[in-house]
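Asker: Make a model of this:
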Amino acid sequence: MHFKFKNLGYDLPDGRRLLQNVSGKIEGGKMTAIMGPSGAGKSTFMNLLCGKLSKSFGNLWINGKEVPLGKFKKIYGFVPQDDIMYRELTVRENILHSARIRSPSSWTHEEIEAHVDAVLDTLNLTDVAHQIIGDENERGVSGGQRKRVNIGMEIASTPLCLCLDEPTSGYAFIDYRLDSTAALEVTEMLGSIAKIGMTVVAVIHQPRPEIFRRFDNVMMIVPGGRVAYFGPTNKAREYFESIGYIFSTGSNEADVLMDILCGRGVHNSTGYTSEELALRWSNESKDTKTVLEKDYPKFNDPEIAEPDGKQSQEDLDSSETVITENSVDEAFHDNSTALVNERGVDLLRQIWYCHNLSILQQYRSLSTIGLEIFVGAGAGSLMGGSVNSISEMYAGMFIAPYTLLSTSPFYWPVPQFGLLTGLAVALSAAPSGVRIFSEERPIYWRYTSSGHSPIAYYIGKNLASLYRMIYSSLHFASVLYFFAKPMIPFWVQFSMILLMYFGVYGLSIFVSTIVKRENATLLAVVVALFCAVFCGYGPTITEAKSWGLYFLWAIQFNMWGCEAQCNYHLTLVSETLKVYEHVYENQFAIDGFGYTLDRTIFDFVMMIVIGIVWRIMGYVTLVGLNRDKQR
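Answerer: Residues are numbered from 1 along each chain as shown. Here you go, the predicted structure:
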């Protein structure tokens, strides 16, 4: 896979130009470095090359044809500067998941496993294959090993082109940089990959001399997004010396070149500004063909043909090469659609892999789940203990002819305790629900940008969260049932609390997709408390209907749960009041609050529907927001 580009540029929406008039060729089977000072446009060019940004002007050819870059994202490999991966998983588990999701669909399980083992061996990661990645709190593999895992996740997908953003100097997410030896190991490994025919393009920053010389070609960009040199790495010094720059004895060649690009190079006269360097290279390249421009543009760019349409002797001499390369290009495009379509497994298997991966993450975070269960059990014990002191949960107006003997219209604290239970579930479940997506959105962006199905990821994670919801609500309900001793079966009480958890988790997922991680927990708790308050206790449903605002209550899962409650422990209103229907005029109590009896199943269904709606909204925002990071 190789690229040619001419006068490539990119403008921001506000009109600022980050990249302009970039021309050249990136060859397959070679390593190309992109160098330049911060803000010069290195990452912008990389993102244009990978299709993460759309060019504002210019032309970009892939194997001789100008085609949409998004078409090939499944056969691209993009390694971000930060080491974005699952911290709870081991080295092998991270690479294996990437291979399972993105490798050719025709591969068997055994072939994928063998491929992953080969990648581990190539990257010298076999010895730490079963060691967790680690994070700020738990020590895992080293920075150099983590950088290689970052690269291995892309190699596992068998790409034709590998683009890397500062693989030799990027931060490894914690508080250290790669040392020079580790950076050299990474570069040598990339060189081995390029030798098998893969196109390797990397942004590098302040490399040691040995690293710089490992690259076959280098593009040097000056501030303003213009090219000051694009050619063989071993000719860069020669070119700048030819225009008067001085390289002192023993100096790091790459450091001197960076100083030149920044306008601080030592010159035998006045030197050049960044703009003058770019202009001089533009004029120079018109007269002197570089290795990158010598052959390929001649047989693909009509503007470079002889004015009279005749071939020069040089063209005739290279005709065999031209025919061969053109044949390869045609074969690439003839088979590119099938090549892209065969990458990645089907939707159901992606869901299954994401589900299993999430289960494994939860297993590695048992302390967090244990705390969630403890909080749920504690909330249940508090609610159960408070209910246990009340001998009778309902007293109403006697039926005729005993109505005049009634002491009051009704005594019915069920909605109040429904409110309190809803608040307890909100406080215990919302923080856990937020964690499902908020802490790994960068991982989601990385996978979806390479062809992973967003819906498969989303469904798999949601299915895996059901288990922790069941565990937490089971402990909540068990303790509550033990202390409160309700009059209904345990499964009814458990179902109600489980559906409350289901609703709170759903809204927490939605919140976590629209705000930053550090703000998501607080906002999710506040929204969950809001949903718990609108349960019909106060203001009542009767009052809400008189104001014409009943819909605000009807979209809260806790209102339906409260309607189905009987006492403190989330037992059913409908079921409990039936016990008293031959003693009290229950309609007085029902009319006072506005609940409807005898539709327990409907209440359950409404709670499920509201929880699903929250999740649908979460998916829409997850996919709809930050679209640029998912390209």
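
Asker: lowest confidence element among the helices and strands of the protein?
Answerer: Between all helices and strands in the chain, the lowest mean by mean pLDDT, DSSP states H and E belongs to helix 313-317, at a mean of 45.

Asker: Rounded mean pLDDT for stretch 546-558, please.
Answerer: Summarised as a single mean, pLDDT over stretch 546-558 is 81.

Asker: Over to stretch 190-203?
Answerer: Mean pLDDT, stretch 190-203: 87.

Asker: pull the longest helix from this structure.
Answerer: In the chain, assigned by DSSP state H, the helix with the most residues is helix 454-484.

Asker: Which SSE is immediately downstream of that one?
Answerer: In the C-terminal direction, the helix or strand that comes right after helix 454-484 (DSSP states H and E) is helix 490-512.

Asker: Determine how far that following helix lies from the middle of the whole chain.
Answerer: When distances are taken as C-alpha atoms, centre = their mean, to the nearest Å, helix 490-512 is centred 25 Å away from the chain's centroid.

Asker: Contacts for the helix or strand immediately after it in the chain next, please.
Answerer: Along the chain past helix 490-512, the next helix or strand (assigned with DSSP H and E) turns out to be helix 517-533. Taking contacts as C-beta atoms under 8 Å, 6 or more residues apart in numbering, the residues outside helix 517-533 that touch it are 419, 422-423, 425-427, 429-431, 433-434, 438-439, 441, 503-504, 507-508, 511-512, 515, 556-558. The C-beta positions use only the backbone N, C-alpha and C, and glycine is treated the same way.

Asker: Just the buried residues of helix 517-533, please?
Answerer: Residues 520-521, 523-525, 527-529, 531-533 are the ones in helix 517-533 that count as buried (16 or more other C-beta atoms under 10 Å).

Asker: Next up, the contacts around the residue nearest the centre of the chain.
Answerer: Computing the C-alpha centroid of the chain and ranking residues by C-alpha atoms, centre = their mean puts Y444 first, at 1.9 Å. Under the criterion of C-beta under 8 Å, 6+ apart, the contact partners of Y444 comprise 437, 454, 457, 622.

Asker: how about 7 Å then?
Answerer: With contacts taken as C-beta atoms under 7 Å, 6 or more residues apart in numbering, Y444 has the following neighbours: Y457.

Asker: G15 in helix, strand or coil?
Answerer: The three-state label for G15, taken from DSSP: H, G, I helix; E, B strand; the rest coil, comes out as coil.

Asker: so what's Y245 bridging to?
Answerer: Using DSSP bridges, the bridge partners assigned to Y245 are H267.

Asker: quick one: it and R599, what's the gap?
Answerer: In this view, Y245 and R599 are 84 Å apart by C-beta to C-beta, to the nearest Å.

Asker: One more: M46?
Answerer: M46 sits 59 Å away from R599, going by C-beta to C-beta.

Asker: How far does the helix or strand encompassing V375 sit from its chain's centre?
Answerer: Using DSSP H and E, V375 maps to helix 366-388. The gap between the average C-alpha position of helix 366-388 and the chain average comes to 32 Å, counting by C-alpha atoms, centre = their mean.

Asker: now the angle from it to helix 454-484?
Answerer: Using axes from the mean of the first three to the mean of the last three C-alpha atoms, to 10 degrees, the direction of helix 366-388 lies 40 degrees away from that of helix 454-484.

Asker: Might you list the low-confidence residue ranges for the stretch 501-631 of the chain?
Answerer: 565-593, 597-598 (pLDDT under 70).

Asker: quick one on the thing from earlier: what's the mean pLDDT across the longest helix of the chain?
Answerer: Helix 454-484 comes out with an average pLDDT of 88.

Asker: Buried residues of it, list them for me.
Answerer: Along helix 454-484, the positions that meet the burial threshold by neighbour count (16+ other C-beta under 10 Å) are 456-462, 464-465, 468-469, 471-481, 483-484.

Asker: secondary structure element for S432?
Answerer: Using DSSP H and E, S432 sits in helix 414-438.

Asker: Check which residues of the next helix or strand after that helix are buried.
Answerer: Secondary structure here is assigned by DSSP H and E; on that basis, the next helix or strand after helix 414-438 toward the C-terminus is helix 441-449. Within helix 441-449, the residues that qualify as buried by neighbour count (16+ other C-beta under 10 Å) are 441, 443-449.
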